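>>> compute the structure for the input listed below.
(chains A and B, ligands or ions: 2)
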Amino acid sequence: MAARSSLMHEEKQLENVPAYEFINVNSNEFHIGTFRDLWLDVLNPKVYSYCNSAPEIEDVEFIEEMGIEPKTLEELKIICSVDSLRSGHEDADNVPSDPHLSTLKLRKRRQDYKETLTRDTVDRHEVYANEMEMISVGKKPDNPRDLIPEGEIILTFNIMYPILFQRFKYVRAYQTLHVLGSQRLSDLRDAICCVSDLQVFGEFSNTPDMVPQFISKDHYKSAFFFFNGTFFNDARFPECQDISMTTQEWARTRDFPDFKTAKMEDTSFYDLKMKVGFPYLYNHQGDCEHVVILTDVRLVHQDDCLDIKLYPLITHKHRVVTRKCSVCHLYISRWITTSDALAPTDPCLFCDQCFRMFHYDDKGNKLGDFLAYAYVDPGTFN
Amino acid sequence: MDNFRGPVKADCEELLARFQATESVRYEQFLEVWRDMNFSSIFYSKPEANERRMFARLIMSVASPYFFPPYTFQIRVAGLYLLYGLFNSQLITPKEKIRIALKDWEDAMQFQRDAVNAQHYDVLYIFRKLLSDKAFYFTAMPTPLCYGEKKEDRKKTEICEEFVDPSSRPQELITTDVLEEIGNIHEHYEGMKKSIFAEPDPNLNLIQQNLVPKLNGAILTYSSWQWNRTESEQQQDAGEGPSNQESSRRAQLIASIKSRSYGQVAEASKSRRHRQTQLVPADGADFSQKLPSKKKRSPSLKTRTQLRFNTQGNESEGLTRLWCLSAVKEEKAPEKRKKKFNWNPEKSSDPS
Ligand SMILES: [Zn+2]
Ligand SMILES: [Zn+2]
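Ligands and ions are numbered 1, 2, ... in the order given. Next comes the predicted model:
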């Protein structure tokens, strides 16, 4: 009996070692918490510790384990010295003029090409992307209580933006977030920025000054993640509804296997079974659907941001060109009109000032027929 | 950045092939090749932080697989040295880490045990140094995975045959047990076939005769051919010595093997290299070379529309565009294309 249970235990362990389900596409399904335990089982804690062990201790250990003379270690240190990898006194900021390596040949050609371009080719978005990724690197918390425990897991999620506008079809827009294994699914939900959370519903052409201040996020609090056959609903607020019901009922009438439901605020990432690289779903605001991909899972490293309070940590955000007012081409649009005889297109975008100047007289009376809605630019999060 | 994958892989494999030619696992030998190729200069570039980071990430992901099976012990040693060299030569802080997946950890541990047994202290020292320098990320998968991401060119990820032990799959497949089993099934099969005919015609071949001995014979022939081949290769290598010329010849050989994905050299030719053998292009090769010239594609609908718009001289278009909610970007594409950087100049003759 004992033998059998240990065998079962071993099998359970094995199936939680991530492997490819499809080569270079996605992994098999594994339990995140067990995966972490498996790593911690095989690793010497000092290899994922935030502290560096003293070199003298390392030396003694090596000598003892290998059964070698201290003299041999000294020789090894000289032979394997990092300095001997470097080559002379060359300028590392420039590609050598006549390189042998294919990589350098390509880089040289690319660099020469870039110099022929007239405009400044430093892609600001790229520079920004690097800054964003690096800004919190190696950050230690002010309060030692907020230090992430050693051996914690970091999960990387890509949250794709839904195709709200045609232009998003050509760019794969996404946001990258790092979350900790011990965090709740609701923590991830709160960190996802999406314009549809900021929308204001209603037509306001008769009362442009009465646009309410509350936004969809305050109004429609229901949301779910769909991971691996389970709907994880947000049930933190009394207004929250199980919006996965519609899908579940539809599926039930069509002979699909039953889906499970759970609460996202009660579920940590350690409790989940997931596939790396596999598309999952986040749904909020009723019909705003985001593909969610777990791209990476790994142990925390001493160079990571170690302040627990900064997680979920945003490391990439797609930047969108803001859409300017179609009159002044200067300010970001705040209004969108339809059936508007005064506008050159339908629909048409206006900044607040141009919108009012165009559509109302001095006394604020509406001129002509049109419908007006509040517009939230996708570039708001830039 | 992915455009660098090909050249980076070629550079790494040249380094590995030259190290392989030394028939050594000593770090000094590796360092000699590394310095001779000035390999640390692979990171030299304009100090654009993001490019440098992306490149370091790329080269680590290209180099890591050589540290794992199915590569030979010597290549795996070289892979480890390569990772050590790259990790310490990169020009960014904090350094890009080497990713190691849970499923590959046992291989790394077995490698370490093998090195202990053979007393390769330099191998052990380098591995320990990387661990204590916190050079690794302990991950779920060897690379981050993003579903639907553009599939990498197959050629760029394929395994370098020169660095792998000769395959013994056929021998593994056909064991004595299996032969016995096949023999039994074959006998059974013969019996069943015979039972169909009341009076079997002696001229009718109901089954293949001597299936098992034939199968066994084929495996033996293959084994001895494989053995002869490695023998003669080693003799040749030993005769010429691991000179620079030799190693660059090897590198060329590797390159030529890769480039002739559609060519076919009679397999036995390698064991008789002293005789001139020539590449015999398979029938398909000719065809695939001609194909691009035949396939002259008519311009796309988009291009044709663009042409029509331009000839009609729609001047107001530029203005009205600004009102549009939809993208204007795609309309600009054709003029941009001309200026685009050509990543593969050798393929530029391709009309598409
Ligand atoms: Zn959304
Ligand atoms: Zn305006």
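>>> so what's A:His301 up against?
A:His301 makes contact with A:48, B:97, B:134, B:137, according to C-beta atoms under 8 Å, 6 or more residues apart in numbering or on different chains. All C-beta atoms are positioned from the backbone trio N, CA, C, and that covers glycine.
>>> which SS state does the nearest residue to B:Lys134 once chain neighbours are set aside fall under?
Sequence neighbours aside, A:Gln302 is the residue nearest to B:Lys134 in space, at 5.8 Å (criterion: C-beta to C-beta, 6 or more residues apart in numbering or on different chains). Classification of A:Gln302 using DSSP: H, G, I helix; E, B strand; the rest coil returns coil.
>>> got a list of what A:Gln302 touches?
Counting by C-beta under 8 Å, 6+ apart, A:Gln302 has contacts A:49-51, A:138, B:134.
>>> one more time with 10 Å, if that's ok
Taking C-beta atoms under 10 Å, 6 or more residues apart in numbering or on different chains, we find A:Gln302 in contact with A:48-52, A:138, A:140, A:150, B:94, B:134.
>>> ok, those vs ligand 1, which is closest?
Set against ligand 1, the nearest of the contacts of A:Gln302 by C-beta to the ion is A:Gly138 (32.0 Å).
>>> skip the chain neighbours and tell me the closest residue to the closest one.
Excluding its sequence neighbours, the residue lying closest to A:Gly138 (C-beta to C-beta, 6+ apart) is A:Asp303, at 5.2 Å.
>>> burial count for the one you found?
A:Asp303: 16 surrounding residues under other C-beta atoms under 10 Å in any protein chain shown.
>>> with pLDDT added, can I get the contacts of A:His301 in TSV?
Shown next, in TSV, are the contacts of A:His301 (pLDDT from 0 to 100):
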residue	pLDDT
A:Tyr48	96
B:Lys97	97
B:Lys134	96
B:Tyr137	98
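>>> from these, which are also near ligand 2?
Residues of these in contact with ligand 2 (C-beta under 5 Å from the ion): none.
>>> picking up where we left off before, the residue nearest to A:Gly138 and B:Phe136 touch, don't they?
No: A:Asp303 is not in contact with B:Phe136 according to C-beta atoms under 10 Å; the separation is 11.7 Å.
>>> between those two, what contacts are shared?
The contact sets of A:Asp303 and B:Phe136 overlap at B:Lys97 (C-beta under 10 Å, 6+ apart).
>>> picking up where we left off before, what about the residue nearest to B:Lys134, distance to A:His31?
Distance of A:Gln302 to A:His31, computed by C-beta to C-beta, to the nearest Å: 26 Å.
>>> phi, psi of B:Ala218?
phi -60, psi -40 (degrees, to the nearest 10).
>>> same question, the one 4 residues further on
Torsion angles at B:Tyr222 (phi, psi; degrees, to the nearest 10) stand at phi -60, psi -50.
>>> wait, it touches B:Pro170, no?
Yes: assessed by C-beta under 10 Å, B:Tyr222 is found in contact with B:Pro170 at 5.7 Å.
>>> list the residues that contact both of the two?
Counting by C-beta under 10 Å, 6+ apart, no residue touches both B:Tyr222 and B:Pro170.
>>> give me the residue from chain B nearest chain A.
For chain B, the residue closest to chain A is B:Leu145, as judged by C-beta to the nearest C-beta, at 2.8 Å.
>>> quick one: B:Leu80 and B:Ile126 touch, right?
Yes: contact criterion C-beta under 10 Å: B:Leu80 and B:Ile126 qualify, at 6.0 Å.
>>> between those two, which has more neighbouring residues?
Comparing B:Leu80 with B:Ile126 by other C-beta under 10 Å, the one with more neighbours is B:Leu80, at 26 against 23.
>>> ligand 2 contacts on chain A?
Residues of chain A lying close to ligand 2 (C-beta under 5 Å from the ion) are A:325, A:327-328, A:331, A:351, A:354.
>>> which two from the residues you listed end up farthest apart in space?
With distances taken as C-beta to C-beta, the most widely separated pair in the residues of chain A next to ligand 2 is A:Val327 and A:Tyr331, at 9.2 Å.
>>> pLDDT value on A:Pro378, please?
For A:Pro378, the model assigns a pLDDT of 70.
>>> and for it, the neighbour number?
Other residues lying near A:Pro378 total 22 when counted by other C-beta under 10 Å.
>>> wait, it sits on A:Asp197?
No: A:Pro378 is not in contact with A:Asp197 according to C-beta under 10 Å; the separation is 11.8 Å.
>>> identify the contacts common to A:Val327 and A:Tyr331.
Residues touching both A:Val327 and A:Tyr331 by C-beta under 10 Å, 6+ apart: A:350-351, A:353-354.
>>> I'd like to know which of those residues are buried.
Among the shared contacts of A:Val327 and A:Tyr331, those classed as buried by 16 or more other C-beta atoms under 10 Å in any protein chain shown are A:350-351, A:354.
>>> now intersect those residues with the helices, please.
Using DSSP state H, the subset of those located in helices is A:Cys354.
>>> wait, which of the buried ones among the shared contacts of A:Val327 and A:Tyr331 is closest to chain B?
A:Phe350 (10.9 Å).
>>> what's the closest non-adjacent residue to the closest one?
The shortest distance from A:Phe350 to any non-neighbouring residue, by C-beta to C-beta, 6+ apart, is to A:Trp335 (4.6 Å).
>>> buried residues in stretch A:37-44?
In stretch A:37-44, counting by 16+ other C-beta under 10 Å, buried: A:38-39, A:43.
>>> repeat that for stretch A:288-295.
Within stretch A:288-295, the residues scored as buried using 16+ other C-beta under 10 Å are A:288, A:290-295.
>>> what of stretch A:224-241?
By neighbour count on 16+ other C-beta under 10 Å, the buried set for stretch A:224-241 is A:224-227, A:230-236, A:240.
>>> got a markdown table for those residues, with secondary structure and pLDDT too?
Compiled in a markdown table, the buried residues of stretch A:224-241 are given as follows (DSSP: H, G, I helix; E, B strand; the rest coil; pLDDT from 0 to 100):
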| residue | secondary structure | pLDDT |
| --- | --- | --- |
| A:Phe224 | strand | 93 |
| A:Phe225 | strand | 95 |
| A:Phe226 | strand | 95 |
| A:Phe227 | strand | 94 |
| A:Thr230 | strand | 93 |
| A:Phe231 | strand | 94 |
| A:Phe232 | strand | 95 |
| A:Asn233 | strand | 94 |
| A:Asp234 | coil | 92 |
| A:Ala235 | coil | 90 |
| A:Arg236 | coil | 91 |
| A:Cys240 | coil | 80 |
